[in-house]
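starting from these lines, generate the structure:
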Amino acid sequence: MSRIGKLPVQIPDGVEVKVENNLVTAKGPMGTESVQVREEIEVKLQDKEIILTRKADDRKSRSLHGLSRTLVQNVITGVKDGFTKKLEIQGVGYRAQMQGTAINLQLGYSHPVIIEPPQGIKIAVEANTKITVTGSNKQMVGDVAAQIRSKRPPEVYKGKGVRYEGEYVRRKAGKAGKK
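Residues are numbered from 1 along each chain as shown. Model (predicted):
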């Protein structure tokens, strides 16, 4: 039995959930999100919780059980509180600024890098070097943060670039440290 899959998903106050043909739709203060649960898993709405059970006990159903429960939990958490990813920019002359809803990045290239966030995602810049990506969809928040980081990932000699907050970058010694 899946340890994660057998746990019921609690529905907090202020979140409205509907289940139709394995489509779980949640509506809350941060917006509306939905997830389609695979047909191998059965979804039931009881009182203030969602219970997921698997129809068969084969390997595929067992592997989908915990995944499906986590996806439903993420939808409910997303519409209630939302998700946040924070990025840091390090390097001389590297900075970010808002340009309407888009973000304008100066990352040492001869041109500015402008990223327009998809609908439902908000980007904020604090102190020119700190970027916050927020939204109700966990996957989209992570994708946008990874897209921003990919424009100039941290390099190993000086540590310059865009990194996640608290990310450890292993440093190399360079030519002088070879002796």
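
switch to C-alpha atoms for all contacts and neighbour counts from now on
Noted.

quick one: Gln73 is in a helix?
Yes. Per DSSP: H, G, I helix; E, B strand; the rest coil, Gln73 lies within a helix segment.

thought it was touching Val9?
Yes. Using C-alpha atoms under 8 Å, Gln73 is in contact with Val9, at 6.1 Å.

quick one, which of these two is more surrounded?
Taking other C-alpha atoms under 10 Å, Gln73 and Val9 do not tie; Val9 has more neighbours (19 against 16).

in the chain, which spans are helices?
Here the chain has its helices, by DSSP state H, at 59-80, 138-150.

just the ones you listed: most buried one?
Of the helices of the chain, the one with the most neighbours on average (mean count of other C-alpha atoms under 10 Å) is helix 59-80, at a mean of 20.

now do it: everything it contacts.
With C-alpha atoms under 8 Å, 6 or more residues apart in numbering as the test, helix 59-80 has contacts from 1-6, 9, 11-12, 14-15, 24, 26-35, 37-38, 40-41, 52-55, 135-138.

one more time with 7 Å
Residues outside helix 59-80 that contact it (C-alpha atoms under 7 Å, 6 or more residues apart in numbering): 2, 4-5, 9, 15, 26-35, 37, 40-41, 52, 54, 136-138.

thinking again about what came up before, and the helices of the chain as a markdown table, adding mean pLDDT and distance to Gly120?
Formatted as a markdown table, the helices of the chain follow (pLDDT from 0 to 100; distance: least, C-alpha to C-alpha, whole Å):
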| stretch | mean pLDDT | distance to Gly120 |
| --- | --- | --- |
| helix 59-80 | 93 | 11 |
| helix 138-150 | 95 | 9 |
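
make TSV from those helices and add distance to Gly91 to it.
What follows is those, written out as TSV (distance: least, C-alpha to C-alpha, whole Å):
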stretch	distance to Gly91
helix 59-80	33
helix 138-150	14
